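**Student:** pasted the sequence and its predicted model underneath.
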Amino acid sequence: MLSEYRRLLGLQGAIVVAGAIISSFAASFPAAMAFAFGSCIVLASSAFFVWRFQQGARHTQNESSGRDANAANAEWYLRQAYRTAIERFIWVAGMLVVGFKLLELKPFWMLAGFLGGQVIWLVAPIWMRVEKVK
């Protein structure tokens, strides 16, 4: 399972680089920087998600080996899911504000990079499953 997440992060990283190069040639260097910033927001958010997933896996391993006094239950997992979702939402909103207001990046290109990264985040797992079936 972890290798699938590594592939996803690698694919998102490739999108950052390829998109920045293409937008640099298609528009300008500031557009490429905005695209890369928007894509990196998603890349960092994905890396955070993978880190949280690994924390959950470690918690399950500790619980199953008897080292953890607290039994793993649905409440713990639900709290972690909500916490992760809220943290990722705050991260994305904060970084979009930084990009728009503080860095004054080009909005179209920054959102294009952000949406490109999100599309990869949604489509890549489906593509990986279809590839496994073959």
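**Tutor:** Arrived safely. All of these numbers come straight from a predicted model, not from anything done at the bench.

**Student:** list the buried residues for the host helix or strand of Ile126?
**Tutor:** Assigned by DSSP states H and E, Ile126 falls within helix 107-133. Within helix 107-133, the residues that count as buried by 16 or more other C-beta atoms under 10 Å are 109-114, 116-118, 120-121, 124. Every C-beta, even on glycine, is put in place using the N, C-alpha and C of the backbone.

**Student:** list just the nearest of these to Leu103.
**Tutor:** Taking C-beta to C-beta as the measure, Met110 is the one of these closest to Leu103, at 8.9 Å.

**Student:** isn't that closest one up against Phe35?
**Tutor:** Yes: taking contacts as C-beta atoms under 8 Å, Met110 lies within contact range of Phe35: 6.9 Å.

**Student:** most centrally placed residue in this protein?
**Tutor:** Ser46 (1.8 Å; C-alpha atoms, centre = their mean).

**Student:** show me what contacts that residue?
**Tutor:** Ser46 is in contact with 8-9, 12, 117, 121, counting by C-beta atoms under 8 Å, 6 or more residues apart in numbering.
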